[in-house]
Structure formats: structure tokens, C-alpha cells
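Q: sequence plus predicted model, see below.
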Amino acid sequence: MTPDWRKPVGMLAILGLIAIWSIVIMSLSGVVGQWHWTLQFAFYLVAGIIWITPLKPLLRWMETGRWRA
């Protein structure tokens, strides 16, 4: 079996996605920090879950080479 180039590219894409998402969320921390703690909790909870959304198609592409099932 030969190594597949999609897996290293996909791993780099995942790391890039995490880095970009972290920077976006950190840039909002000044505004979010002024909110009530319950709103902050809800914001960071949602923001911590949303970044996972694009991973399913990316992981599928890494495994099969196709974006859709």
C-alpha cells in the first residue's frame, strides 16, 4: 500500500481551520468579555462546537477522495 497524499493535506487543513477559528474567536473576546457570564458561557460553548461542522466532509475527503457520500 502506498501512502495517500490526502491525509497529510487534510491534517494540515484541520490545523489551519483550528488556527483560523481560534484567532476569530480570540478577536471577539474583548466584546464577549463585557457580556454577562451566562451569555459568555453560551457563546464559547457554541463556538467550541461549531468548528467541528466542516470536519465531517473534510474527513470523508481524506478517506475516500470525495466530498459527498
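A: Sure, I can see it.
Q: let me know the next secondary structure element after the longest helix anywhere in the chain.
A: If you go by DSSP state H, the chain has its longest helix at helix 6-27. Read in the C-terminal direction, the helix or strand following helix 6-27 is helix 29-32, with elements assigned using DSSP states H and E.
Q: how much space separates the spatially most central residue of the chain from Trp37?
A: In the chain, the C-alpha nearest the mean C-alpha coordinate belongs to Trp51, at 3.3 Å (Cα atoms, centre = their mean). According to Cβ to Cβ, to the nearest Å, Trp51 stands 22 Å off from Trp37. Backbone N, C-alpha and C define where each C-beta goes, glycine included.
Q: could you pull up phi and psi at Phe41?
A: Taking degrees, to the nearest 10, you get phi -60, psi -50 for the backbone angles of Phe41.
Q: which residues touch Leu59?
A: Contacts for Leu59 were tallied using Cβ atoms under 8 Å, 6 or more residues apart in numbering; they are Gly10.
Q: can you say which helix or strand has it in it?
A: Secondary structure from DSSP H and E places Leu59 in helix 55-64.
Q: and the angle from that helix to helix 6-27?
A: Taking axes from the mean of the first three to the mean of the last three Cα atoms, to 10 degrees, one finds helix 55-64 and helix 6-27 inclined to each other by 160 degrees.
Q: quick check: mean pLDDT of helix 55-64?
A: This predicted structure assigns helix 55-64 an average pLDDT of 89.
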